[in-house]
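**Q** sharing a model prediction with you, sequence too.
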Amino acid sequence: MKSSFLEAALKRSEKFQLGTKYRFTPPAGLKDLIIQYLDKKKGPPHELAVDLGCGTGQNTRLLAPHFKEVVGMDISESQLEEARAVPGFSNITYKTGRAEKLPFPDDSVDLLTAASAAHWFDVPMFLAEANRVLKPGGCMALLGFADNYPKFTYKDCGDKLSSIYQEVKEVLKPYTERPVFESENKLEGLFQAIPFPDKERIEDFPLKWTISVEDLMGFISSWSMFQTYRAKDPTGAEHLLVNTEKRFLQEMGVASPKAEVVRNWEYFCVLASKPL
């Protein structure tokens, strides 16, 4: 019999299957800052990194050149299958599992990471496991992006596109779960709960992402709040997507949904080091 926590985790996994296609790789420069932090706090050798909520492995693969072994973990086996299908990373292993119960010995992990996933963790359970498995001096790096102030660039209509996007978020606000608000608050609650005295937060790390209008609508449809809205009102959800795409194309003065815009993101990263 599944625990209620595991049932909730599996439900979230099903809800996020659509998001796989529209996941994007975190900034390489932010990864470099994480490795520099680990170098400073623990120092080499860097033997084992564990990427939690890894999905199809975008963040996991960024870590591969810096560690003897990298393990990507996710509750979705189908996403892990996609991750395993990417060739060329012999030191990466993917495992089904969750952040609240880690299959690693005490004091065995150099780095724990999570990219756009930590807001879904059970914080007390995760932090207890992080404290158990991290080596002395080992680090956590929990990263994500803030979507509070969307900014698009396309000719002279970027501000209007940003406004339309923000309107979509307002429509979906009643369907937004608490963990999503925690993410948009840059994991402030989780940051405060970390028991390690040595912790910091990198904010406003910029990333520009070029995306077609068609894929932007797909990205919106992958949001957990959109999926909740769709479950309650399929017709309304479909109308929201169709109308949003139409408004984007009209403002841009183009007919094809394959037309591309630039989306500016602000990444953040919570960093913490277990005491020596």
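**A** Right, received. Where do you want to start?
**Q** where does the prediction get shaky in the stretch 51-200 of the chain?
**A** 181 (pLDDT under 70).
**Q** switch to 80 and redo it
**A** Low-confidence segments of the stretch 51-200 of the chain, defined by pLDDT under 80: 146-149, 176-185.
**Q** break down it into its helices, ranges please.
**A** Secondary structure of the stretch 51-200 of the chain, counting by DSSP state H, counting those that start in this stretch: helices at 58-63, 77-84, 123-133, 158-172, 178-184, 188-193.
**Q** make JSON lines out of those helices and add mean neighbour count and distance to residue 26.
**A** Quick note: C-beta positions are derived from backbone N, CA and C, even for glycine. Shown next, in JSON lines, are the helices of the stretch 51-200 of the chain (neighbours: other CB atoms under 10 Å; distance: least, CB to CB, whole Å):
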{"stretch": "helix 58-63", "mean neighbour count": "23", "distance to residue 26": "5"}
{"stretch": "helix 77-84", "mean neighbour count": "16", "distance to residue 26": "15"}
{"stretch": "helix 123-133", "mean neighbour count": "18", "distance to residue 26": "19"}
{"stretch": "helix 158-172", "mean neighbour count": "16", "distance to residue 26": "21"}
{"stretch": "helix 178-184", "mean neighbour count": "16", "distance to residue 26": "14"}
{"stretch": "helix 188-193", "mean neighbour count": "14", "distance to residue 26": "18"}
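**Q** quick one: closest of those helices to residue 39.
**A** Closest approach to residue 39 among these (CB to CB): helix 58-63, 13.7 Å.
**Q** how about the CA coordinates for the closest one, as CSV?
**A** Only the C-alpha atoms of helix 58-63 are listed here, as CSV (Å, rounded to 0.1, in the frame of the first residue of the first chain):
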residue,chain,number,x,y,z
GLN,A,58,19.6,18.3,-18.4
ASN,A,59,21.2,19.4,-15.1
THR,A,60,22.6,15.9,-14.4
ARG,A,61,24.7,16.0,-17.6
LEU,A,62,26.2,19.4,-16.8
LEU,A,63,27.7,17.8,-13.6
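**Q** other SSEs contacting it?
**A** Judged by 3 or more CB pairs under 8 Å, 6 or more residues apart in numbering; DSSP states H and E, helix 58-63 is in contact with helix 28-41, strand 48-52, strand 69-74, strand 92-96, strand 109-115.
**Q** so how far is that helix off the chain centroid?
**A** 12 Å (CA atoms, centre = their mean, to the nearest Å).
**Q** that older thread, out of the helices and strands packed on helix 58-63, which comes closest to residue 231?
**A** For the helices and strands packed on helix 58-63, distance to residue 231 was read as CB to CB. The smallest value, 22.5 Å, belongs to strand 69-74.
**Q** what are the buried residues along the closest one?
**A** Under the neighbour-count criterion of 16 or more other CB atoms under 10 Å, strand 69-74 has 70, 71, 72, 73, 74 buried.
**Q** that strand pairs with which strands, parallel or anti?
**A** Strand 69-74 has its sheet partners listed here by DSSP bridges as strand 48-52 (parallel), strand 92-96 (parallel).
**Q** between the ones you listed, which one is nearest to residue 123?
**A** Ranking the strands paired with strand 69-74 by proximity to residue 123 (CB to CB) places strand 48-52 first, at 13.0 Å.
**Q** returning to that earlier point: same list (the helices and strands packed on helix 58-63) but as JSON lines, adding distance to residue 177.
**A** Converted to JSON lines, those look like this (distance: least, CB to CB, whole Å):
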{"stretch": "helix 28-41", "distance to residue 177": "25"}
{"stretch": "strand 48-52", "distance to residue 177": "19"}
{"stretch": "strand 69-74", "distance to residue 177": "19"}
{"stretch": "strand 92-96", "distance to residue 177": "23"}
{"stretch": "strand 109-115", "distance to residue 177": "17"}
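**Q** for residue 162, find the nearest of the ones you listed.
**A** Evaluated over those, closeness to residue 162 peaks at helix 28-41, with 23.1 Å, by CB to CB.
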